[in-house]
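> Sequence and predicted structure are below.
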Amino acid sequence: MDAATLLATFSTRFLGIFIEAVSFLLLGTLISGLLEAFVTNDDIVKLVPRNPILATLAGSFLGFLFPVCECGVVPVTRRLYQKGLPVSVGITFLLAAPVMNPIVLASTYAAFGFGPILVGRYVISWVTAVTIGLLFSFQNHPQRVLNPASLSLIGATVGGGSAEAVVIPQARMALFPGLKTAIKLAGEEFFEMGRYLIIGSLLAALMQTFISKEAISALASNPVNSVLVMAGLAFVMSLCSTVDAFLALSFARTFTTGSILTFLTFGPMVDIKTTSMYMGMFRRRTVFYLVVLPFLISVLIGIALNLNVKF
Amino acid sequence: MRTRKWIQASILLFMGLYFLDNMLSGKINLYINSDRFAWLSWIGTALFLLLGVMSVIDLIREKPDTETDQHDHEGHDHAAHDHGHDHSHEQAPSWFKLILVGIPLMVGLLVPAKPLGAAAVSNGGISTSFSSAQNSPTSFNIAPADRTVLDWVRAFNESSDVKQFAGQTADVTGFVYRDIRFDGKPQLMVARFVISCCVADASAIGVIVQTADAAKWPQDGWVHVTGKFTTQTIDGRDTPVVLADSITPATQPEHPYLYP
């Protein structure tokens, strides 16, 4: 097999993943931009009930109304805290929104159809986000979880209590300036997020072209190792959740179903990109929990599924 | 900095044009299941063009301001500004970012576009059976002469006894695939890739064809085969094989991949 054929195969695989995924990426970034321009903090807060448990549940579904890429999740969460929402609601939103949104639903469905992966991704993500969010409700003072920089941004006083915004209140933009801003933001986010998609696609295409199934089949079919490897890949690849389904698809025939689910549930919550964003907003202890808890839950569920369920 | 901004805008614009070319020329069929997802790629095309055009317009408009501002801006604190006009202070992406995001464009434009073929089979293997989802159409409703490689392979999978296919007419198009299993035998496979979403999930399937001149057909070449099915025992199992009446070279179909 000559170099030209290998190159052609590699490039077709690479472009195939990229072309399908990038339209979803663009849609996601455009909607993020529209939200940035047209939705104010008050709009979001109005939808959250008073009762803490209900509020946490509401936080988990907010992503369907305000679909932001996992990149956009951190600023939105900060806005929620600005408005005095309890910590648990913000945490749940932070962890759930990257998956609980219509674009991710569409792209996961496009890649896998209606089946165990689609259903599993949503059930596991939701349960994980709500569980961790409720755990944080024991720490419901922003001071305990947010770092000093964020606290000053939201103007929380040392004695606890409600947060008063010191940031200039965001006003809803008029239609044309808003659209222009949204488009501009989408363009910038494309370069920011497109990098990871391209690197991920190159990696996946390289694997599919140069590594034969037999070579990794021992690793990929092992119920435990496959899960650990996919969790690691998800962390390192830092893909936008709107497109990671297509990368997962390229691994789906070699790796166990449990490990694919771990990739699709752990990745949106924790990766290199989001961890560094968390560091910019939360205290180190909180970041530690935000990384370790999703890891433990998604890995354990992945392994448990591999060992107990015949897909 | 302006150079980088222009490159940024150009990448967006040219991605749009690249997508447009893919859609209009049919090259998109090499990458995705266009029956299901052509609309998605049209959206991508439109969005890229929109982003590209808006970026270019912004850059052209910016020109008069920035030329005079360049001197003022070098090396002093931006916070001290108080201008009456509006211009962007955004940083252009770094060269590294630009090159990285330009990679798909470079690959797409420089590497000749070819569908997955025999070379791609070696990684995942090729199958003579195909199990499809519950609600996909059954192949038995299609007349034998109209069945594609996928229809045949699906039918074999659905039947309890493959001997029932003996005598049926085969009329299929696919690429030639032979590996060490076929060395010395007057046989080759007529193969296709099946994709449900996009190339990421491509899997190879094929039908075995018996012909005396099997060795002369080049690997990966497209062929059109007609013949009748018979049943042979291969590896201890009943396997349908086409006794070829004719094999002719074929052109690569507009949709090289089959959709389940």
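Okay, I see it.
> Every contact and neighbour count from this point should use C-alpha atoms.
OK.
> What residues sit buried inside the one helix or strand residue B:9 maps to?
Element membership for residue B:9, per DSSP states H and E: helix B:2-25. Within helix B:2-25, the residues scored as buried using 16 or more other Cα atoms under 10 Å in any protein chain shown are B:5-20, B:22-23.
> For stretch B:164-175, which outside residues touch it?
B:117-118, B:144-149, B:190-192, B:219-231, B:240, B:242, B:250 (Cα atoms under 8 Å, 6 or more residues apart in numbering or on different chains).
> Only whichever of those are buried, select them in PyMOL.
Only the buried entries of the contacts of stretch B:164-175 go into this PyMOL selection, using 16+ other Cα under 10 Å:
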select buried, chain B and resi 117+118+144+147+148+149+190+191+192+219+220+221+222+223+224+225+226+227+228+229+230+231+240+242
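> now, which of the contacts of stretch B:164-175 lie close to chain A?
residue B:117 (Cα under 8 Å from any Cα of the partner chain).
> what does the stretch 101-250 of chain A have sitting close to chain B?
A:110-112, A:183-184, A:186-187, A:191, A:194-195, A:198, A:208-213, A:246-247, A:249-250.
> part of a helix, is residue B:102?
Yes. Assessed by DSSP: H, G, I helix; E, B strand; the rest coil, residue B:102 belongs to a helix.
> What residues does it make contact with?
Here residue B:102 is in contact with residue B:11 (Cα under 8 Å, 6+ apart).
> Next: residue A:107.
Residue A:107 neighbours (Cα under 8 Å, 6+ apart): A:24, A:242, A:243, A:245, A:246.
> can you rerun that using 10 Å?
A:20-21, A:23-25, A:113, A:118, A:241-246 (Cα atoms under 10 Å, 6 or more residues apart in numbering or on different chains).
> Just give me the closest of those residues to residue A:95.
In terms of Cα to Cα, no member of the contacts of residue A:107 lies closer to residue A:95 than residue A:241, at 11.6 Å.
> That closest one against residue A:103, yeah?
Yes. Counting by Cα atoms under 10 Å, residue A:241 does reach residue A:103; the two are 9.0 Å apart.
> what do these two both touch?
Joint contacts of residue A:241 and residue A:103 (Cα under 10 Å, 6+ apart) are A:24, A:25, A:28, A:68, A:69.
> Of those residues, which are in range of chain B?
With Cα under 10 Å from any Cα of the partner chain as the criterion, the shared contacts of residue A:241 and residue A:103 include A:24, A:25 near chain B.
> Could you point out the longest helix of chain B?
helix B:34-73 (DSSP state H).
> So which bits of it are buried?
Those would be B:34, B:38, B:40-56, B:59, B:66, for helix B:34-73 by 16+ other Cα under 10 Å.
> Any regions of the chain where pLDDT drops low?
Here I'm looking at chain A. A:1, A:140, A:153-171 (pLDDT under 70).
> I was after chain B.
Short version for chain B, where the test is pLDDT under 70: B:63-90, B:123-124, B:131-137.
> can you rerun that using 50?
Across chain B, the ranges flagged by pLDDT under 50 are B:67-89, B:134.
> Got the domain ranges for it?
Chain B is divided into the following domains under automatic domain parsing: B:2-76+B:91-110, B:118-249.
> thinking again about what came up before, which of the residues of the stretch 101-250 of chain A next to chain B are buried, as a PyMOL select command?
Here is the PyMOL command that selects the buried residues among these (16+ other Cα under 10 Å):
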select buried, chain A and resi 110+111+112+183+184+186+187+191+194+195+198+208+209+212+213+246+247+249+250
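> from the residues of the stretch 101-250 of chain A next to chain B, which ones fall inside helices?
A:110-112, A:183-184, A:186-187, A:191, A:194-195, A:198, A:208-210, A:213, A:246-247, A:249-250.
> phi, psi of the most centrally placed residue in chain A?
Centroid-nearest residue in chain A, with Cα atoms, centre = their mean: residue A:268, separated by 2.7 Å. Main-chain torsions, residue A:268, degrees, to the nearest 10: phi -60, psi -30.
> Then residue A:174?
phi -70, psi 170.
> For it, give its distance to residue B:22.
Going from residue A:174 to residue B:22 by Cα to Cα, to the nearest Å gives 36 Å.
> So between residue A:241 and residue A:103, which is more surrounded?
residue A:241 (29 against 23; other Cα atoms under 10 Å in any protein chain shown).
> Contacts only, for residue 6.
No chain in the question, so chain A it is. A:12, A:209, A:210, B:119, B:120.
> oops, chain B please
Per Cα under 10 Å, 6+ apart, neighbours of residue B:6: B:12, B:55, B:56, B:59, B:60, B:92.
> ok, now which ones touch the second one?
Going back to what we said before, that points to residue B:55. A:183, A:184, A:187, B:5, B:6, B:8, B:9, B:10, B:12, B:13, B:49, B:61.
> do that again at 8 Å, thanks
A:184, B:9.
> got the angle between the helix holding residue B:9 and helix B:34-73?
Using axes from the mean of the first three to the mean of the last three Cα atoms, to 10 degrees, the inter-axis angle of helix B:2-25 relative to helix B:34-73 is 170 degrees.
> and chain B, which of its residues are near chain A?
So chain B meets chain A at B:12, B:30-32, B:40-41, B:43-44, B:47-48, B:51, B:54-55, B:93, B:97-98, B:100-101, B:103-104, B:107-108, B:111-117, B:119-120, B:122-124, B:196-201 (Cα under 8 Å from any Cα).
> Now do the helices in chain B.
B:2-25, B:34-73, B:95-110, B:118-124, B:149-158.
> Go through the third one and flag the buried ones.
What it means is helix B:95-110. B:98, B:99, B:100, B:101, B:102, B:103, B:104, B:105, B:107, B:108.
> re the thing from before, quick one: contacts for the residue nearest to the centre of chain A?
So residue A:268 contacts A:70, A:95, A:98, A:99, A:239, A:240, A:241 (Cα under 8 Å, 6+ apart).
> residue contacts, the second one?
Looking back up the chat, that one is residue A:95. A:60, A:125, A:129, A:268, A:269 are the contacts of residue A:95 under Cα under 8 Å, 6+ apart.
> And these, which two are furthest apart?
A:60 and A:268 (13.8 Å).
> how many neighbours does residue A:311 have?
11.
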